[in-house]
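Colleague: Got a predicted structure here, sequence first:
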Number of protein chains: 6
Amino acid sequence: MFYHVKELQFNARVSGPDPRFASLLLEQFGGANGELAAAMRYFVQAFSARQPYPDKYDMLMDIATEEFSHLEIVGATITMLLNGVNGELKNAAERSDLMRLLKGTEQKEEMIHQAMVNPQFLVLSGGGPTLTDSQGTPWTAAYIEANCDLTVDLRSDIAAESRAKIVYEYLLQFTDDPHVQETLRFLMTREIAHFKMFQAALETIQPNFPPGVLQGDPRYTHTYFNLSNGASARGPWNEGQGTWGEGESWQYIDDPIKHVIETQGEVQQPIQGNQRSMDEVERMDREMSKHRSGEIKEATPTGSNQWSAYPQQTLASPRSAKPS
Amino acid sequence: MFYHVKELQFNARVSGPDPRFASLLLEQFGGANGELAAAMRYFVQAFSARQPYPDKYDMLMDIATEEFSHLEIVGATITMLLNGVNGELKNAAERSDLMRLLKGTEQKEEMIHQAMVNPQFLVLSGGGPTLTDSQGTPWTAAYIEANCDLTVDLRSDIAAESRAKIVYEYLLQFTDDPHVQETLRFLMTREIAHFKMFQAALETIQPNFPPGVLQGDPRYTHTYFNLSNGASARGPWNEGQGTWGEGESWQYIDDPIKHVIETQGEVQQPIQGNQRSMDEVERMDREMSKHRSGEIKEATPTGSNQWSAYPQQTLASPRSAKPS
Amino acid sequence: MFYHVKELQFNARVSGPDPRFASLLLEQFGGANGELAAAMRYFVQAFSARQPYPDKYDMLMDIATEEFSHLEIVGATITMLLNGVNGELKNAAERSDLMRLLKGTEQKEEMIHQAMVNPQFLVLSGGGPTLTDSQGTPWTAAYIEANCDLTVDLRSDIAAESRAKIVYEYLLQFTDDPHVQETLRFLMTREIAHFKMFQAALETIQPNFPPGVLQGDPRYTHTYFNLSNGASARGPWNEGQGTWGEGESWQYIDDPIKHVIETQGEVQQPIQGNQRSMDEVERMDREMSKHRSGEIKEATPTGSNQWSAYPQQTLASPRSAKPS
Amino acid sequence: MFYHVKELQFNARVSGPDPRFASLLLEQFGGANGELAAAMRYFVQAFSARQPYPDKYDMLMDIATEEFSHLEIVGATITMLLNGVNGELKNAAERSDLMRLLKGTEQKEEMIHQAMVNPQFLVLSGGGPTLTDSQGTPWTAAYIEANCDLTVDLRSDIAAESRAKIVYEYLLQFTDDPHVQETLRFLMTREIAHFKMFQAALETIQPNFPPGVLQGDPRYTHTYFNLSNGASARGPWNEGQGTWGEGESWQYIDDPIKHVIETQGEVQQPIQGNQRSMDEVERMDREMSKHRSGEIKEATPTGSNQWSAYPQQTLASPRSAKPS
Amino acid sequence: MFYHVKELQFNARVSGPDPRFASLLLEQFGGANGELAAAMRYFVQAFSARQPYPDKYDMLMDIATEEFSHLEIVGATITMLLNGVNGELKNAAERSDLMRLLKGTEQKEEMIHQAMVNPQFLVLSGGGPTLTDSQGTPWTAAYIEANCDLTVDLRSDIAAESRAKIVYEYLLQFTDDPHVQETLRFLMTREIAHFKMFQAALETIQPNFPPGVLQGDPRYTHTYFNLSNGASARGPWNEGQGTWGEGESWQYIDDPIKHVIETQGEVQQPIQGNQRSMDEVERMDREMSKHRSGEIKEATPTGSNQWSAYPQQTLASPRSAKPS
Amino acid sequence: MFYHVKELQFNARVSGPDPRFASLLLEQFGGANGELAAAMRYFVQAFSARQPYPDKYDMLMDIATEEFSHLEIVGATITMLLNGVNGELKNAAERSDLMRLLKGTEQKEEMIHQAMVNPQFLVLSGGGPTLTDSQGTPWTAAYIEANCDLTVDLRSDIAAESRAKIVYEYLLQFTDDPHVQETLRFLMTREIAHFKMFQAALETIQPNFPPGVLQGDPRYTHTYFNLSNGASARGPWNEGQGTWGEGESWQYIDDPIKHVIETQGEVQQPIQGNQRSMDEVERMDREMSKHRSGEIKEATPTGSNQWSAYPQQTLASPRSAKPS
């Protein structure tokens, strides 16, 4: 259950209206990397963690809840930056003032003129926030990533926090309202904090590479295909050990067209750059399968289920439904 | 700020897995009339009510928060109905069991076979909920209506609650798990309760018809265009007084093609069915404009703003930003 | 079958080009609350009313047809407001004039400069309307609500008309072309007329509350959850009788967290605020089920079907297909 | 203005319910190549033809109106194929029957079991059509093409009719209801008829190649880049005259990588395969520009405009607005 | 397999930054008729041609590959037109300069001011291209047409090239950078070249009309429904032979409402305007079915399959999978 | 420029048709984590790296090109798994066979019966791949992340590879065709290889945390808000050092509601858990700004630009446009 606290998590203030910046700020309200996307990402991921990994569930829900709180801060700021628009629109019998500014000449209501950068502030939302990005594209769940595997989901989350951080960094350069800057700096900083939380949580899961359960085929893990002509950049991503383990190294395929023909479409490619055998991979696949599915099956009731206890005093969910 | 209470608002339970119903139930998770749509609709509408109408803001946020809590209940139920899928998928080295059921022959894992109705449960979400409707279409903010006018928004809300109610009514017919039925009945009932709340709130605003500020042009308000041939239905929507005021009545245009030509495209249409004059309409427009814009301008600071006080002990927001 | 009458329903005129307002006006062409959304909403709803409720079908199709006619008026107005753009673009060998205005200096073709507010007028549609909203988002059927239940659909329609009305009200403030104002005022007024039609039609269906067939669970219908801290607004939406029947009243849950735990997630919540028993609800459910499904089953052939008679001289559809 | 004729353009009949085929048929209701897409394509294109090309406007509107009439036929057929679903759903107090079929065992309501292929028929639309394709994706205006140039738009239309035709051809193979087959065959055939109409209309515009106004650069019109290795197919699309004029021929670039480097990224590419000079191209560009923009500018008022006369007795629109 | 050649197919250059034109140019990067849409259209169509029609496959893949190469040219041009934006944004500690231009006063960084036409260049993509159209709508596969029938697909392609051509023609009028003009002219010209390739390929398939396999019903192929009132345009699209064969002609239904009633919804419509009998149509349907399905079945293995040989020295694919 | 090599990068084979698995496999063709999403992500990111970071550009383009090659492998596999569908559909005069299987009884064409899981294989694409996910949702550029900052983009890429890997892992469990398994295992493994490439590339950029240029505000970086009641999980993500530097630690806010009020909405929050001063942060911001913007400005021409040299023999792009 959620509960709404009337105090914003951060004391959002504005020095005065700025519809133009309100329009840019929509990027973090209803945009791909905005607060709703963040909140929904962790919220949706949390469900499947609830029973097998209640500690990660607790973290995901705490952060999801904080992101909802940030969504509220962003919406509040946009609303305050648009103050005046709705009041003017309600003065519907007096068209003349609004019209004059469309001509771009009037100082006095320059604010509404600026709102014109986002036509929907004027003719659709009436001066309130719209659940879109800064270009007016409605928020879509296509932004949400949730794959029911914490070694994957937590990486999605680290990346998402990185993107949210850079968008705030960009936004910070387009307002000189000190109150708004302060709010943006808080929000930007929290993305950094969440990044570190997800990173630490990922490290508690071992092994966490490769993500998921199955190992890679050792014939194809260490190969770099140089799929372009001319001068080629070499670096730890295609030569030497890179971030591989001791004794492993990248195999650089300089002429992949020739290579693909010679290996009959990679089918005859031998293992190179690492010492893993197919047998070893299969063994590890079996072990990891047993381990991961065991963890989950053990914690997930196959019969009746109940999500929470009343009161819920432990982390673990009840393992079966109590009759009413 | 939001706060997460670990106890679900309703004690969601399931008697056992049912991936097929989980798939149907997505309609209320990420569908057009689902709980996220409801929560976001009221949440987005609330922002512009915050300063001028803090009592309606409080109601909108209470209900939005309840809808988030319902979203959680729906997600929890879907997750429990899918129990087993993720555990099996993690057993990735053992493909054979899963495969056998794709052939439709195995009793034992019929459950995963059923999950096949929603392929993404198997190959994308790994047994967790997806933020889509029951057909796999991602949630979109195109579902959200917020026009910064309570006489409009509250009507959108009454209609939205009606739709959500009927979807639960339909869903109730496709499960015979008594726990799930109980949960659905609670959720369905709450849509009815919210309907009544919005209705009561709308009635406190007077006049609330027509929605918004401007009156209709009396030449065109009472006309029904019979835009089809053959037998025509007559009823209070096109004859007699209908829901109009005393002494008013519908004007039925039986042959609209002829009528449009005769009136030069309605330009020469006289006032019929009501006694309003153009002057009266203009006067009312001016009065309503003054009244509504006055209410809002009075409550909305034109200079600095602060969203909440610390603590926020009154309904009204602070009228100006306090320095840090 | 549809038939196109070359005369517009309203005599749409413009005083001269105004690409900027054309861009705003797209909100009513391809926007969420625009004329296409209205037309398609009633058109889609009409199908399932055809056989069981032919009088409502007639009304829905009359209004749908009027909305298509309005869509045409809006498209015609946008086209006339863009006059000049296509002609200039066809003068493709002469780039210089167009270029000069991009610099913002030329008086003469200021019009095309203004068209720049919607880049697609210039580089995609070549000066014609686009089926998008004022921000360029393509129209989507996500805007359409049709649930095959008139107590729901008509409420969706009342709300939709309210939204369409307010958007015209907002738009009216951004043009001072008297011809365009006249057109907008006609269109805005018709939304009011439709509102009244749908309202009157809804009232002919009794009972129409709750929407659909099933009654609410009396334990949960009258409860208001105060899901936020601090000062709380009280009003007819959460105290007293509100719009409930005689002797009924809201039950206000001041501390819902405590309440949820005490009632074991609402499972042990008694009936409060109303006198309905569970038995009574079940009896009403059965009665309404019998009544509503009876109405529909009676009018809907289970064998062969034919949509219309030739000629169609009654409201009712033929109950079975006539052989060719 | 539109007018609705209660008789369907084609006598749509069904022999009995078939929810599964209803689901497939959605592809022509709310799908990419369906009737709504066709209707809206021609309708939107028609606006910009209204004043300069009133004959093409008349044709586009006639066909658009027919497509709306086809949309109605498809919707009617889907509705009749779903008969029974809504009636059962309204019998909401009796869940047991519906439930039994979900198990797949009951003969009697196999129909609803089949409706399960499209979950939204059951839990969202309640047995009515949804404005989606056969996979549940909502219709989007991204399907609409309108570029304000008849040499382009008519080609888009020919292609669109081709796609609509093949979809009906595919659909015909999945029903053995003779009534439905008859309807589909009518609809399929009309796509062929429209194809021929658009083709004939395109031929009345001369020259119509290249589409638009500007000629191609003669250095790049006749070149085929063989951008793949191995065996290469040769045919009139890359050797000989193809559909070029007398004395012209394709230039085949066998090794485009080498060629691009040698020509400094095509900048030094000489004219080959045709005799056009740059001067000739420029002259034609100027002539066509003058011609096409002349046609349009002449017919398009720069001052006030009125869309239709009352009555509209000629093809041409009034050239200026008549005062009210 | 694809291979990337570092030299662009055309030597894309810019004379200096122009964020405003970069924004317009997005229409050809991520827009409905842009290069990605073209590339993906032919690429997706190519798959089903691979085995039965390897010559058309080769052509489709050559052109798809060229369109990817054009996408790269467009992206490169947009990037160069935005040069400076990213560098300034990275100078994140120095907000002042950026701010000043938002006021519209500074000459020096007018460039970033112009980037404001596309807010996402500033706050989302940081000065790089976005995969959207010029209005910020994300690219969608709703643009893609692929129906597994070359008589349809090639017509879709001809139309698509026509649209792409006109968009470049429009774009050319909004830049006076000679380098950019040169690039656009190359790209525009290539659309003309592709048009001719697809046209020639279509002509090698005989018969190619009607598209697909099935003939039209001769009762409905030659009929024109005059679905509008008033003056009606007549032309080869609704009178005389049009583009029909010798001895065939359009049948003009002047009063379709009457006609539909008289023919009982077209069911009693006789064959007119052509001499085809139903028998003849059925015979042709059988012949074409046999022919087309024969071609495909013959070339498509029913057992194991392998896509390419190593090396692939013929056009045809291997007919069965070779064991590893 | 791209070049197409007729040999697939991997020797894709199938043992026979399997339309059901073809439908699941769409998830990697046109799904959120599929090969097109991967290819376009790196391709779009590459543009802004071209001039300032040509080594990373080379890597991004090599991997993007490989992903296009994988898209081709997936499409080829889907096509081969659907073999037979198109051939049957072309046999359009013979409906009976197809019909019989819809009844679910015929052994012989069970294959087409299976194709029914994706209706569009039958009635839209005619047996070819559709550019959708496994639920029929069209691919959208909303999946693409490109923020013009390598410390962000490379993290997005690592996460994206993780998601793609897990989807292949899930898919592997739903086919027992050894050829298809082999192909999937290759593709899954390459995601692991790319993961390591991006990871190694990210490590060459120092510092790479926090992503972007600006440091976090030290008052808010180390704080964990315990935004839920009941039992709370503690771990390195909210206690102790976590992945912070020496001497730093998480600050756990046990009662955030109280805390927010006490700190006046975090405004009065002191620095805790780390020793950074505001001055230090500002200094680092200035340094990083100077460094990063310097790198980019230095490499990015402010005047004329040329993307590639002919031939392009170095990694760096030409710094200015050479005249034609």
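Modeller: Great, that's in hand.
Colleague: got a list of what the nearest residue to residue A:208 once chain neighbours are set aside touches?
Modeller: For residue A:208, the nearest residue in space outside its immediate sequence neighbours is residue A:151; the separation is 4.5 Å by CB to CB, 6 or more residues apart in numbering or on different chains. Every residue, glycine included, has its C-beta placed from N, CA and C. For residue A:151, the contacting residues are A:202, A:205, A:208-209, A:211-212, F:162, by CB atoms under 8 Å, 6 or more residues apart in numbering or on different chains.
Colleague: Neighbour count and secondary structure for the residues you listed - can I get that in JSON lines?
Modeller: Shown next, in JSON lines, are the contacts of residue A:151 (neighbours: other CB atoms under 10 Å in any protein chain shown; DSSP: H, G, I helix; E, B strand; the rest coil):
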{"residue": "A:202", "neighbour count": "22", "secondary structure": "helix"}
{"residue": "A:205", "neighbour count": "16", "secondary structure": "coil"}
{"residue": "A:208", "neighbour count": "16", "secondary structure": "coil"}
{"residue": "A:209", "neighbour count": "17", "secondary structure": "coil"}
{"residue": "A:211", "neighbour count": "30", "secondary structure": "coil"}
{"residue": "A:212", "neighbour count": "28", "secondary structure": "coil"}
{"residue": "F:162", "neighbour count": "29", "secondary structure": "helix"}
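Colleague: Can you tell me which of those residues is closest to chain E?
Modeller: Among the contacts of residue A:151, residue F:162 lies closest to chain E (CB to the nearest CB), at 21.6 Å.
Colleague: And the pLDDT at the closest one?
Modeller: We note a pLDDT of 98 for residue F:162 in this prediction.
Colleague: One more: the one 10 residues further on?
Modeller: The predicted local confidence for residue F:172 comes out at a pLDDT of 94.
Colleague: thought it was touching residue F:185?
Modeller: Yes: the pair formed by residue F:172 and residue F:185 meets the contact definition of CB atoms under 8 Å, at 6.9 Å.
Colleague: can you pull the contacts of residue A:157?
Modeller: A:41-42, A:45, A:194, A:198.
Colleague: and the residue of the stretch 101-250 of chain A found nearest chain C, what helix or strand is that in?
Modeller: Among residues of the stretch 101-250 of chain A, the one nearest chain C by CB to the nearest CB turns out to be residue A:136. It sits 2.7 Å away. Taking DSSP states H and E as the criterion, residue A:136 maps to no regular element, lying outside all helices and strands.
Colleague: what residues does chain A put near chain E?
Modeller: Selection of chain A residues close to chain E by CB under 8 Å from any CB of the partner chain yields A:20, A:23-24, A:27, A:31-33, A:117, A:133-137, A:166-167, A:169-176, A:227-231, A:256-257, A:260-261, A:264-265, A:267-268.
Colleague: hang on, the earlier thing: wait, what's in contact with the residue of the stretch 101-250 of chain A closest to chain C?
Modeller: Contact criterion CB under 8 Å, 6+ apart gives A:118, A:120, A:130, C:133-137, E:135-136 as the residues in contact with residue A:136.
Colleague: how much space between the residue nearest to residue A:208 and chain B?
Modeller: 11 Å (CB to the nearest CB, to the nearest Å).
Colleague: for residue A:203, same thing?
Modeller: Using CB to the nearest CB, which is the criterion applied here, residue A:203 is 20 Å from chain B.
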